[in-house]
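**Q** sequence and predicted structure are below.
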Amino acid sequence: MNIKALNGFKDILPGEVELWQRLEALARDIFARFNFSEIRLPILEKTDLFARAIGESTDIVEKEMYTFVDKQVTMRPEATASLLRAYIEHGLHVQKPVQRLFTIGPMFRHERPQKGRLRQFHQMDAEVLGSASPRVDAEMMAMGAMLLAELGLSVSLEMNSLGCPVCRPGFRTSLLAFLDDRHQALCDDCKRRSSTNPLRVLDCKNPKCREQVLEAPSLLEHLCADCADHLSGVQEGLEQLGVQYSLNKFMVRGLDYYTRTTFEFITGDLGAQAAVGAGGRYDGLIEQLGGPRVPGIGFALGMERLVLLLQQQEAELAASGVDLLVAGLGEQSSRYGFGLTHALRTGGMRVVMDFEGRSLKSQMKQAGKLGVPYVLILGENELVKGKAVLRNMATQEQQDILLQDEATTVQTLVTLISA
RNA sequence: GUGAAUGUAGCUCAGUUGGUGGCAGCACUUGGUUGUGGUCCAGGCGGUCGUGGGUUCGAGUCCCAUCAUUCACCCCA
């Protein structure tokens, strides 16, 4: 067969999918603790929505979107834009002044795949709309940190403030002046960035640039009074909640819409993809998209990246989602087992039975491999006497089971096995 | 979009100076005296050597192209 999945698209097979389920279950639990409601969003939106929300000149919009050009629609490259569209479209701000929403699902970006980065990838996204309180910022980071901690992952949190439309232009001007002076000392990428996206120069990985940038004007020193107040409020909140973080004045975000607080959950264990989650405040965005004039903040966690970390930071997952294996010996007994298996499943049990007519030894091997706790052996001899053998695989103890009508037998087995 | 590396069984890989693909490991499967697992032993299934050209008497091995994968850059969760 030479039809394969597309480059950058991946199947999630049994064995790995259990990890995803655990991740999702825990995330839902934690989102619920923080009173977030789920919202499910379409994957396809008007291209224009993303262009306006994310920024016309970002890499995502310029060259990474899966767009049906003739239809003017695009497969979402991130969730915030769609979520805000839904928020505005349904007037959710009227129903509740502060909305706390989360969504989980696939995103699409046409980038070159590498470790921890696929063209279809999955994010868990949480957004709070309608509150400007710095406590919300702190709470969002605390929630992300809680999820990561309960997954057993050790990940660090970095935070910065990008200012707002009042203070950012001034900072930008002085940064540009600074970069102009050092233009020759910068790497080629940064020479280009100086004009396209000067803030990006601040988090260049090139050691030469890092050195230059050490002296650069700091965002934090240019914050207006309101932004500075907000930042200290966030810091106070984080301290109160006992959230470990560090302030990184070089941290910048790739999407245009961020204001004030931005943050990243960072790991050193994923190669070049350091961020397992990132987000920030976007106070002007909702209005800019035609919605009410309300602030917002959100973050996304990359599920592939979390799964990679889970895989390398721990190993084994608990096996077997099976309660009982029914072993048939011969046609008579298999026929009986076929019916009994179905009755047991109807009764809520997870049962396996194969119909290949294999030896008892084979079937026992199978049971061992699956880690099944009990095997019901339907021997011909016992069957004529209306009996079967229930074997406890762990203790190797066996007991006779009286086979009466199916309902009673199911009842008996359910009680014995769940005991 | 740029750069580098890699493509041999379902998976992990051997394959020496080009001379018939490996009793390789894992997995799967059958058996090791009547109908009982996880270990051990023996057997079995399983390969268009990514694809297409070329060089050669002969190519898994050399050359070209192509596709795919991986890692890194750009960017990003």
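**A** Now that the structure is in, tell me what you want to look at. For clarity, every value in this text was computed on a predicted model and none was experimentally measured.
**Q** ok, which stretches of the stretch 51-200 of chain A are strands?
**A** For the stretch 51-200 of chain A, the strands defined by DSSP state E, counting those that start in this stretch cover A:66-68, A:73-75, A:99-108, A:120-129, A:156-161.
**Q** out of the ones you listed, which is closest to RNA strand B?
**A** For the strands of the stretch 51-200 of chain A, proximity to RNA strand B was assessed by Cβ to the nearest atom of the strand; strand A:120-129 is nearest, at 3.5 Å. Heads up, the C-betas are built off the backbone N, CA and C, glycines and all.
**Q** packing partners of that closest one?
**A** On a contact count with 3 or more Cβ pairs under 8 Å, 6 or more residues apart in numbering; DSSP states H and E, strand A:120-129 meets helix A:17-33, helix A:80-89, strand A:99-108, helix A:134-150, strand A:296-302, helix A:303-313.
**Q** which parts of the stretch 51-200 of chain A sit against RNA strand B?
**A** Applying Cβ under 7 Å from any atom of the strand, we find that the stretch 51-200 of chain A lies next to RNA strand B at A:58-60, A:64, A:78, A:109, A:111-118, A:121, A:123, A:189, A:193, A:197, A:200.
**Q** picking that back up, can I get the strands of the stretch 51-200 of chain A in JSON lines with mean neighbour count and mean pLDDT?
**A** Output for the strands of the stretch 51-200 of chain A, formatted as JSON lines (neighbours: other Cβ atoms under 10 Å; pLDDT from 0 to 100):
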{"stretch": "strand A:66-68", "mean neighbour count": "15", "mean pLDDT": "92"}
{"stretch": "strand A:73-75", "mean neighbour count": "20", "mean pLDDT": "95"}
{"stretch": "strand A:99-108", "mean neighbour count": "20", "mean pLDDT": "96"}
{"stretch": "strand A:120-129", "mean neighbour count": "23", "mean pLDDT": "96"}
{"stretch": "strand A:156-161", "mean neighbour count": "22", "mean pLDDT": "94"}
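**Q** now those in JSON lines, with distance to A:Lys249?
**A** Formatted as JSON lines, those follow (distance: least, Cβ to Cβ, whole Å):
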{"stretch": "strand A:66-68", "distance to A:Lys249": "35"}
{"stretch": "strand A:73-75", "distance to A:Lys249": "34"}
{"stretch": "strand A:99-108", "distance to A:Lys249": "29"}
{"stretch": "strand A:120-129", "distance to A:Lys249": "25"}
{"stretch": "strand A:156-161", "distance to A:Lys249": "6"}
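**Q** those strands: which one's closest to A:Val414?
**A** strand A:99-108 (34.0 Å; Cβ to Cβ).
**Q** what about A:Asp400, how many neighbours?
**A** 12 (other Cβ atoms under 10 Å).
**Q** then A:Glu211?
**A** A:Glu211 has 11 nearby residues by other Cβ under 10 Å.
**Q** how far away is it from A:Leu186?
**A** Per Cβ to Cβ, to the nearest Å, A:Glu211 is found 10 Å from A:Leu186.
**Q** so where's chain A shaky on pLDDT?
**A** For chain A, the stretches with pLDDT under 70 are A:1-2, A:254, A:314-320.
**Q** what residues are up against the most centrally placed residue in it?
**A** Using Cα atoms, centre = their mean, the residue of chain A that lies closest to the mean C-alpha position is A:Met303, 3.3 Å off. Residues counted as contacts of A:Met303 (Cβ atoms under 8 Å, 6 or more residues apart in numbering) are A:Trp20, A:Leu23, A:Ile104, A:Phe121, A:His122, A:Gln123, A:Met124.
**Q** A:Val372 belongs to a strand, doesn't it?
**A** No: under DSSP: H, G, I helix; E, B strand; the rest coil, A:Val372 sits outside any strand and is assigned coil.
**Q** tell me the contacts of it?
**A** Counting by Cβ under 8 Å, 6+ apart, the residues that A:Val372 touches are A:Ser320, A:Val322, A:Asp323, A:Leu324, A:Leu325, A:Val352, A:Met393.
**Q** run through the bridge partners of the fourth one.
**A** Meaning A:Leu324. Beta-bridge pairing for A:Leu324 (DSSP bridges): A:Val351, A:Tyr374.
**Q** how deep is it tucked in, by neighbour count?
**A** The number of residues packed near A:Leu324 is 23, by other Cβ under 10 Å.
**Q** what sits up against stretch A:159-169?
**A** Contacts of stretch A:159-169 (Cβ under 8 Å, 6+ apart): A:141, A:171, A:199, A:219-220, A:222-224, A:226-227, A:230-231, A:234, A:238, A:245-253, A:258-263, A:280, A:283-284.
**Q** do the same with stretch A:171-186
**A** With contacts defined as Cβ under 8 Å, 6+ apart, stretch A:171-186 is touched by A:163, A:190-191, A:194, A:198-199, A:201-202, A:204, A:208-209, A:212, A:215-217, A:219, A:222.
**Q** excluding its backbone neighbours, what's nearest A:Ala51?
**A** A:Val61 (5.3 Å; Cβ to Cβ, 6 or more residues apart in numbering).
**Q** for that neighbour, what are its contacts?
**A** Contacts of A:Val61 (Cβ under 8 Å, 6+ apart): A:Phe50, A:Ala51, A:Ile54, A:Gly55, A:Pro77.
**Q** so which of those is the most crowded?
**A** Neighbour max across the contacts of A:Val61 (other Cβ under 10 Å) = A:Phe50, 25 neighbours.
**Q** give me the distance between that residue and A:Thr196.
**A** Counting by Cβ to Cβ, the gap from A:Phe50 to A:Thr196 is 19 Å.
**Q** do the same with A:Lys96
**A** From A:Lys96 to A:Thr196 the distance is 39 Å (Cβ to Cβ).
**Q** what do you get for A:Leu340?
**A** 69 Å.
**Q** same question, A:Ala79
**A** In terms of Cβ to Cβ, A:Ala79 sits 25 Å off from A:Thr196.
**Q** over to A:Gly170?
**A** Look at A:Gly170 and A:Thr196: by Cβ to Cβ, they are 20 Å apart.
**Q** counting neighbours around each, name which of the two comes out higher.
**A** Between A:Gly170 and A:Thr196, counted using other Cβ under 10 Å, the more crowded position is A:Gly170 (14 against 9).
**Q** show me the contacts for that one.
**A** A:His222.
**Q** and A:Val322, which of the three is it?
**A** coil.
**Q** just checking, A:Ala388 touches A:Leu403?
**A** Yes: using Cβ atoms under 8 Å, A:Ala388 is in contact with A:Leu403, at 5.7 Å.
**Q** so for those two, which residue has more residues nearby?
**A** A count of neighbours by other Cβ under 10 Å puts A:Ala388 above the other of A:Ala388 and A:Leu403, at 24 against 18.
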